[in-house]
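J.: Pasting the sequence and the predicted model now:
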Amino acid sequence: MPRRSRSRSTTTTTGDNTRSRSRNRNRTNNRTNTTSPSPSLSPSPRKGKGKGKGKGKGKGKEVVADGGGGGGFPALPAFPPITTDRLRTRDVAKLLVVVVAPAAYVLLFRLRGSKEKLSIVASLCISCLGFFATCYLIPVVARANLRKNLFGKDINKRGTPAGEIPIPESLGLATGLVHIICIVIFQQIHTYFLKDPGAGGAGGDGCSSSFTLLGLGFRSADCVSTSLPPIDDWTEKWLIQYNSALASISLMVFLGFADDVLDIPWRTKLFLPSIATLPIIAAYTGSTAILMPKLLRPFLGADLLELGFLYQVFMLAVVVFCTNSINILAGLNGLEAGQTLVISGAVLLFNLMRLSKIVMLPELSVEDVRIRDAQLFSVYITLPLIAVTTALLLFNYYPSRVFVGDTYTYFAGMALAVSGILGHFSETLLIFFIPQIINFVYSCPQLFKIVPCPRHRLPVYDKETGLLHPSKRSDGGYNLNLVTLFLRLFGPATEKQLCNKILFFQFLCCAFGFVVRHLLEGIYK
């Protein structure tokens with residue numbers, strides 16, 4: 001019977017995280033499987049499509065799509081089970097302990113019991129639920145992506161059996177979805193359960209709650225109100241900021257997934273974060289002035305410098321940099337999620353340290369309240385980010401079972417940028433991004449075509465030794481990125497060793513940020 005086959009093979013680049021992506025669309029009138037694939041991974045037969053996928057318990061089943069008449073298409077590669085393993089779990093657990101241990105110490109022993117601590121514990125509990133939800137959802141989304149042929153192959157293992165294994169892409173979709181759900185749930189808890197019982201009395205109806213139980217305001221029978229429950233002015237402003245952050249993160253997840261599916265050119269996707277920043281800029285009600293360094297105040301005759309519209313331009317620049325910098329510093333199993341986890345741990349520690357100082361004050365000034373609320377806001381965004389990123393690392397750390405895709409790098413960068421901007425510590429956040437800044441500045445000659453820039457700037461894999469070597473350009477020079485620079489400075493290494501070295505450098509840069517801030521505190525500002 002006549003048969004029509006269409007095959008398309010593309011190569012996608014996530015910054016330097018390049019995977020070979022195959023998309024096959026084989027159309028037949030009937031299909032014959034040489035083996036019986038597991039029903040959990042095998043899609044239901046659909047008319048006009050001859051795709052089949054097999055799931056084996058580590059035994060490498062394969063499916064052949066046959067067009068009839070004894071002639072079949074080449075066998076599709078076997079899809080491995082989307083699971084984590086003991087070694088990967090142990091490595092991720094070690095990294096998590098190192099990252100969150102300082103913040104846990106501050107939360108337990110430096111932050112005294114208060115309503116602020118209660119809200120952080122509530123966010124932590126929701127984040128833990130988000131961790132387990134992400135662990136469950138990642139295999140589900142991975143199998144769905146495999147059925148739609150949204151997978152790639154690990155170029156850093158090219159020439160080995162591991163390099164021929166199809167690995168599902170765009171698993172940042174699962175982490176972004178759970179993170180959004182977590183912050184929406186906490187929004188409800190914070191608004192109606194954790195606010196001051198007397199704060200909701202100013203609802204504009206002339207009534208006040210006699211007492212509050214589980215967020216419900218009980219009133220006398222003579223008092224009739226049309227607002228249930230009333231929301232005070234402070235809570236309403238907080239919700240505007242929170243919802244703008246939620247909108248920006250959600251929009252960035254959507255744009256990142258669109259990039260994974262449509263393979264948007266990098267010159268276009270460079271400005272995608274600008275679109276997702278619009279809700280934050282539109283809803284921003286904070287100060288647009290910056291505190292001047294003490295050395296410059298006598299010359300300027302003022303402590304604050306009002307930037308006005310330029311501050312919104314600065315906010316836009318921070319978001320564009322954070323989202324794209326994580327996307328560019330990539331190319332190794334676990335590197336994107338690993339650097340996000342380290343930076344998130346530093347942000348959380350910074351927030352808790354500032355909160356521990358404020359809650360110790362006998363009275364809070366207006367400025368103290370502003371700082372407290374900003375740091376709490378950042379904590380509410382960062383805790384779920386740490387939880388979902390840890391769950392993702394259980395599948396993405398070396399050797400990867402899933403690829404994070406642009407969906408995750410854009411989502412993670414946006415979440416960190418939102419924390420820094422609305423938490424009012426964008427300068428400190430940029431110090432935590434020192435490795436990303438170095439990588440961007442070092443890559444500029446290639447990014448702007450001053451020197452030849454190949455499509456792939458990944459290391460060269462030596463299948464005989466299992467080591468990665470620095471890659472070169474067409475003119476004989478080395479590629480200009482941090483991954484290649486580390487290989488040149490410290491010599492060839494395995495993919496896992498190289499990733500750990502860069503993550504350790506990220507950790508040192510975050511520690512350096514705390515040292516710099518401590519030394520300049522009271523001097524610079």
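T.: Perfect, thanks for sending it. Numbering: from 1, shown residues only.
J.: Could you use CA atoms for every contact and neighbour count after this?
T.: Fine.
J.: Give me the distance between L272 and P279.
T.: Separation of L272 from P279 (Cα to Cα, to the nearest Å): 13 Å.
J.: OK, contacts around R517?
T.: R517 sits next to T428 when contact means Cα atoms under 8 Å, 6 or more residues apart in numbering.
J.: Hmm, V379 is touching A346, no?
T.: No - taking Cα atoms under 8 Å as the definition, V379 is not a contact partner of A346, at 11.2 Å.
J.: where does this structure dip in pLDDT?
T.: Low-confidence segments of the chain (pLDDT under 70): 1-80, 192-235, 522-525.
J.: Just the element for the residue nearest the centre of it, please.
T.: In the chain, the C-alpha nearest the mean C-alpha coordinate belongs to A412, at 2.2 Å (Cα atoms, centre = their mean). Element membership for A412 (DSSP states H and E) is helix 405-422.
J.: and if you look at T285?
T.: Going by DSSP H and E, T285 is not in any helix or strand.
J.: who are the neighbours in contact with it?
T.: Q241.
J.: can we see that at 6 Å?
T.: By Cα atoms under 6 Å, 6 or more residues apart in numbering, no residues touch T285.
J.: P139 too?
T.: Here P139 is in contact with I82 (criterion: Cα under 6 Å, 6+ apart).
J.: and it, what helix or strand is that in?
T.: Judged by DSSP H and E, P139 forms part of helix 115-147.
J.: same deal with K153?
T.: K153 belongs to strand 151-154 when assigned by DSSP H and E.
J.: where do the strands sit along the chain?
T.: Per DSSP state E, the chain carries strands over the ranges 4-14, 17-27, 151-154, 167-168, 211-213, 216-218, 289-291, 304-306, 460-462, 467-469.
J.: partner strands of the strand holding K153, parallel or antiparallel?
T.: Strand pairing for strand 151-154, using DSSP bridges, gives strand 17-27 (antiparallel), strand 167-168 (antiparallel).
J.: thinking again about what came up before, what does the helix holding A412 rub up against?
T.: Against helix 405-422 from outside (Cα under 6 Å, 6+ apart): 169-170, 172-173, 252-253, 256-257, 260, 319, 322-323, 326-327, 378, 426.
J.: try 7 Å
T.: 14, 169-173, 176, 245, 249, 252-253, 256-257, 259-260, 315, 318-319, 322-323, 326-327, 336, 340, 374, 378, 381, 426, 429 (Cα atoms under 7 Å, 6 or more residues apart in numbering).
J.: was I right about A391 contacting Y136?
T.: No - using Cα atoms under 7 Å, A391 makes no contact with Y136, being 9.2 Å away.
J.: Buried residues, stretch 484-499. List them.
T.: In terms of neighbour count (16 or more other Cα atoms under 10 Å), stretch 484-499 has its buried residues at T484, L485, F486, L487, P492, A493, T494, E495, K496, L498, C499.
J.: how far away is the second one from I328?
T.: Taking Cα to Cα as the measure, L485 and I328 are separated by 14 Å.
J.: Show me which residues of stretch 109-127 are buried.
T.: Neighbour counts using 16+ other Cα under 10 Å place R110, L111, E116, K117, S119, I120, A122, S123, L124, C125, I126, S127 of stretch 109-127 among the buried residues.
J.: Name the nearest of those residues relative to L361.
T.: Nearest to L361 among the buried residues of stretch 109-127, counting by Cα to Cα, is L111 at 11.9 Å.
J.: Would you enumerate the residues in contact with M315?
T.: I421.
J.: Around K449, count how many other residues there are.
T.: 10 (other Cα atoms under 10 Å).
J.: brain fart, L520
T.: Neighbour count of L520, defined by other Cα under 10 Å: 10.
J.: Check G334 too.
T.: 28.
J.: if I pick it, what's in contact with it?
T.: The contact partners of G334, by Cα under 7 Å, 6+ apart, come to L393, N396, Y397, Y398.
J.: that older thread, out of A391 and Y136, which sits in the more crowded spot?
T.: The neighbour comparison of A391 against Y136 (other Cα under 10 Å) goes to A391, with 24 against 13.
J.: Quickly note the distance from K463 to R158.
T.: Applying Cα to Cα to K463 and R158 gives a distance of 8 Å.
J.: Ok, T191 next?
T.: Relative to R158, and taking Cα to Cα, T191 is found at 52 Å.
J.: out of these two, which sits in the more crowded spot?
T.: T191 (19 against 15).
J.: The nearest residue to Y478 once chain neighbours are set aside: how many residues sit nearby?
T.: Using Cα to Cα, 6 or more residues apart in numbering and skipping the chain neighbours, the partner closest in space to Y478 is K472 (4.1 Å). By other Cα under 10 Å, 19 other residues sit near K472.
J.: Could you check how far K472 is from L171?
T.: K472 sits 30 Å away from L171, going by Cα to Cα.
J.: Over to I431?
T.: 28 Å.
J.: ok, now which ones touch L295?
T.: L295 neighbours (Cα under 7 Å, 6+ apart): none.
J.: what about it, distance to S443?
T.: For L295 relative to S443 (Cα to Cα), the value is 34 Å.
J.: With A104 instead?
T.: Taken as Cα to Cα, the span from A104 to S443 is 36 Å.
J.: residues near the spatially closest residue to Q506 that is not a sequence neighbour, how many?
T.: Once flanking residues are discounted, Q506 sits nearest to P435: 6.2 Å by Cα to Cα, 6+ apart. By other Cα under 10 Å, 24 other residues sit near P435.
J.: Check the spacing between P435 and L124 real quick.
T.: 28 Å.
J.: was I right about C510 contacting V347?
T.: No - between C510 and V347 no contact is recorded; they are 9.0 Å apart, counting by Cα under 7 Å.
J.: residue ranges for the helices of the stretch 51-200 of the chain, please.
T.: Counting by DSSP state H, counting those that start in this stretch, the stretch 51-200 of the chain has helices at residues 86-105, 115-147, 172-192.
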